[in-house]
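Enquirer: only the shape, not the letters, is given here:
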């Protein structure tokens with residue numbers, strides 16, 4: 001079955017001139033920035049924030065804090081599920097490259113970072129609410145995330161992925177508002193201090209079915225921990241500069257989209273519970289419509305249902321039922 005899945009990888013530079021393609025999910029962080037009258041200003045400010053944070057973290061041999069710049073490419077993985085040539089926009093991630101302005105070298109960074117998926121929109125915005133509509137309490141379907149997890153693992157193990165990228169992906173997300181995080185004694189020079197969650201979040205369980213494990217770290221001068229989803233050994237499989245490229249990119253996005261947590265005026269303490277209603281925070285100069293993103297996630301979940309889930313129900317059912325790839 002998995003041999004019938006063919007991925008095609010496309011790449012587009014994310015810079016101040018970026019305009020989302022018709023195939024890009026409009027709820028994607030980087031697509032949100034590139035809309036409206038202030039699109040170029042938004043993009044320019046966000047990219048400047050990323051570069052500043054990168055130089056702040058990569059401070060060695062960098063006396064003027066201007067040695068590095070982070071280049072971003074949007075990686076789109078299109079999926080042909082039955083060999084007909086009809087491609088579905090399955091997954092979008094970001095690829096970082098760190099430019100060393102002193103030497104002119106371009107250092108390959110991490111692929112992953114941001115993560116976007118129409119099927120995940122379908123699972124969380126369509127299937128999960130429908131499953132709970134007639135129920136007294138909240139529950140999750142027994143096979144929730146199985147299909148999405150198999151599709152993601154097929155992508156990471158595909159010839160297309162291996163031809164383009166030399167290391168497995170790392171995805172960096174916000175912590176969950178519903179969990180409590182406690183600081184540990186473990187500290188990394190770049191990732192910062194490690195936190196542990198009191199219990200797995202639904203997102204953590206969902207990503208586990210993608211084959212990913214999670215660790216929570218609060219980088220130096222960050223206001224709250226970030227969730228790092230990865231294969232293998234996060235601390236030893238990636239260099240400090242690779243990790244810095246991911247931190248500077250994704251912390252910037254989170255400061256824009258979740259300022260109550262990541263642009264808070266106080267730093268997470270020994271015991272931390274994220275709060276999106278917390279008023280003691282600062283806003284960036286970049287405007288974000290959170291309500292619109294929720295509405296669009298539902299629309300895009302319906303798109304996945306109509307153009308992918310229902311037309312390929314038989315094939316996808318067999319893939320979801322497979323326990324080994």
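Expert: Thanks, I have the structure now. Note that the coordinates shown come from a computational prediction; the quantities given were computed from them, not determined experimentally.
Enquirer: what are the buried residues along the one helix or strand residue 317 maps to?
Expert: Using DSSP states H and E, residue 317 sits within helix 313-321. Neighbour counts over helix 313-321 (16 or more other C-beta atoms under 10 Å) mark 316, 319 as buried. The C-beta positions use only the backbone N, C-alpha and C, and glycine is treated the same way.
Enquirer: what helices or strands is it leaning on?
Expert: helix 146-156 (3 or more C-beta pairs under 8 Å, 6 or more residues apart in numbering; DSSP states H and E).
Enquirer: check which helices and strands the helix it packs on sits against.
Expert: Against helix 146-156 (3+ C-beta pairs under 8 Å, 6+ apart) you get strand 68-80, strand 88-100, helix 118-122, helix 202-208, helix 313-321.
Enquirer: just these: most buried one?
Expert: Burial of the helices and strands packed on helix 146-156 is given as mean neighbour count (mean count of other C-beta atoms under 10 Å); helix 118-122 ranks first at a mean of 24.
Enquirer: average pLDDT for that one?
Expert: When pLDDT is averaged over helix 118-122, the result is 93.
Enquirer: could you give the angle of whichever strand or helix holds residue 111 to strand 88-100?
Expert: If you go by DSSP H and E, residue 111 is part of strand 106-117. Angle of strand 106-117 versus strand 88-100, following axes from the mean of the first three to the mean of the last three C-alpha atoms, to 10 degrees, is 150 degrees.
Enquirer: which stretches in the chain count as helices?
Expert: 29-33, 39-57, 118-122, 128-132, 146-156, 159-164, 202-208, 234-237, 240-257, 259-262, 290-304, 313-321 (DSSP state H).
Enquirer: and residue 223, which of the ones you listed is closest to it?
Expert: helix 259-262 (5.5 Å; C-beta to C-beta).
Enquirer: that closest one packs against which elements?
Expert: Short answer (3+ C-beta pairs under 8 Å, 6+ apart): helix 259-262 packs on helix 240-257.
Enquirer: pLDDT value on the residue nearest in space to the middle of the chain, please?
Expert: Nearest to the geometric centre of the chain sits residue 114, at 2.6 Å (C-alpha atoms, centre = their mean). Predicted confidence (pLDDT) for residue 114: 92.
Enquirer: one more: residue 244?
Expert: Listed pLDDT for residue 244 reads 98.
Enquirer: quick one: it and residue 59 touch, right?
Expert: No: judged on C-beta atoms under 8 Å, residue 244 makes no contact with residue 59 at a distance of 10.0 Å.
Enquirer: show me which of the two is the more surrounded one.
Expert: Remark: of residue 244 and residue 59, residue 244 carries more neighbours, 26 against 11, as counted by other C-beta atoms under 10 Å.
Enquirer: now that one: closest residue in space that isn't a chain neighbour?
Expert: residue 57 (4.6 Å; C-beta to C-beta, 6 or more residues apart in numbering).
Enquirer: what's the neighbour count on that neighbour?
Expert: Using other C-beta under 10 Å, residue 57 has 26 neighbouring residues.
Enquirer: got it, and the one 3 residues further on?
Expert: Counted with other C-beta under 10 Å, the burial measure for residue 60 works out to 9 neighbours.
Enquirer: how close does residue 119 sit to residue 301?
Expert: 9 Å (C-beta to C-beta, to the nearest Å).
Enquirer: can you pull the contacts of the residue lying closest to residue 232 once chain neighbours are set aside?
Expert: What sits nearest to residue 232 in space, not counting adjacent residues and going by C-beta to C-beta, 6+ apart, is residue 168, at 6.1 Å. Neighbouring residues of residue 168 by C-beta atoms under 8 Å, 6 or more residues apart in numbering: 156, 230, 231, 232, 237.
Enquirer: again with residue 5
Expert: Here residue 5 is in contact with 79, 80, 81, 151, 154, 158, 319 (C-beta under 8 Å, 6+ apart).
Enquirer: would you turn the residues you listed into TSV with distance to residue 12?
Expert: Listed next are the contacts of residue 5 as TSV, based on distance: C-beta to C-beta, whole Å:
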residue	distance to residue 12
79	18
80	20
81	23
151	22
154	23
158	20
319	28
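Enquirer: let me have these in a markdown table, extended by distance to residue 5 and pLDDT.
Expert: Converted to a markdown table, the contacts of residue 5 look like this (distance: C-beta to C-beta, whole Å; pLDDT from 0 to 100):
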| residue | distance to residue 5 | pLDDT |
| --- | --- | --- |
| 79 | 6 | 92 |
| 80 | 8 | 88 |
| 81 | 6 | 81 |
| 151 | 8 | 94 |
| 154 | 5 | 93 |
| 158 | 7 | 94 |
| 319 | 8 | 79 |
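Enquirer: find the nearest non-adjacent residue to residue 143, please.
Expert: Residue 143 sits nearest to residue 320 (C-beta to C-beta, 6+ apart), 6.3 Å away.
Enquirer: and residue 80, how far is that from residue 121?
Expert: 20 Å.
Enquirer: cool, and residue 72?
Expert: Taking C-beta to C-beta, one finds residue 72 at 22 Å from residue 121.
Enquirer: please consider this matter closed, and thank you.
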